[in-house]
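sequence plus the predicted model coming up.
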Amino acid sequence: MGTEIEGVEGARPAGELVHLADAEGNRVGVTVVGRLPDVPHGLAAELVLDTPFVRGRLDVSLWRTRLEAWGRALDRLEAGHDITWMGVERGPTLSVRLSGERGCPEVVVVDELVSMVTVRVPVDLPAGWIAAHRDRLRAVMAVWDLPAG
């Protein structure tokens, strides 16, 4: 969380909220890049998918309720359940399936609204990844100081 957002009044550190990556070069991440223009308390972020085979990037919007939903998704993952986050809303959907087709977790990104593309990324996640994501979530919430509701 050390990179500052350039060109943003009252710049704050950028925050990587989601970092699902492995040693094979597969990565899916969501990084806050600044405030959403004209949207009080909204954050602009980008969802980046990077593998040795395919790369993609989508703009996403975050606000407190969406971040709280990510916290609940982490609870479900910790309990051994698959999750879908940002589903049924505008923009991409990110799902984590703990038992993917390749014998390890997989992240599925669906962009029905714009590109109509679905990408499945197997990611051999390290031990402690859920706790690390809880820390990331707390850091993003603290740095951007989003009000409740």
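Alright, I've got the coordinates.

what residue ranges in the protein score low on pLDDT?
The model of the chain has pLDDT under 70 over residues 1-14, 88-89, 146-149.

give me phi/psi at residue 72?
Backbone dihedrals for residue 72, given as degrees, to the nearest 10, come out at phi -70, psi -30.

quick one, what contacts it?
Applying C-beta atoms under 8 Å, 6 or more residues apart in numbering to residue 72 gives no contacts. The C-beta positions use only the backbone N, C-alpha and C, and glycine is treated the same way.

I'd like to know how far it sits from residue 78.
From residue 72 across to residue 78, the span is 11 Å (C-beta to C-beta, to the nearest Å).

find residues that contact each of the two.
By C-beta under 8 Å, 6+ apart, no residue touches both residue 72 and residue 78.

pairing partners for the helix or strand hosting residue 32, with directions?
Remark: residue 32 resides in strand 27-35, with elements defined by DSSP states H and E. Note on strand 27-35: by DSSP bridges, its sheet partners are strand 15-21 (antiparallel), strand 43-50 (antiparallel).

now these in TSV, with distance to residue 121 and mean neighbour count?
Output for these, formatted as TSV (distance: least, C-beta to C-beta, whole Å; neighbours: other C-beta atoms under 10 Å):
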stretch	distance to residue 121	mean neighbour count
strand 15-21	8	20
strand 43-50	6	19
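
nearest to residue 83, out of the ones you listed?
Nearest of those to residue 83, taken as C-beta to C-beta: strand 15-21 at 11.6 Å.

picking up where we left off before, possible to save the strands paired with strand 27-35 as CSV with distance to residue 137?
Formatted as CSV, the strands paired with strand 27-35 follow (distance: least, C-beta to C-beta, whole Å):
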stretch, distance to residue 137
strand 15-21, 6
strand 43-50, 13
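
for residue 111, which of those is the nearest?
Proximity to residue 111 (C-beta to C-beta) singles out strand 43-50 among the strands paired with strand 27-35, at 8.9 Å.
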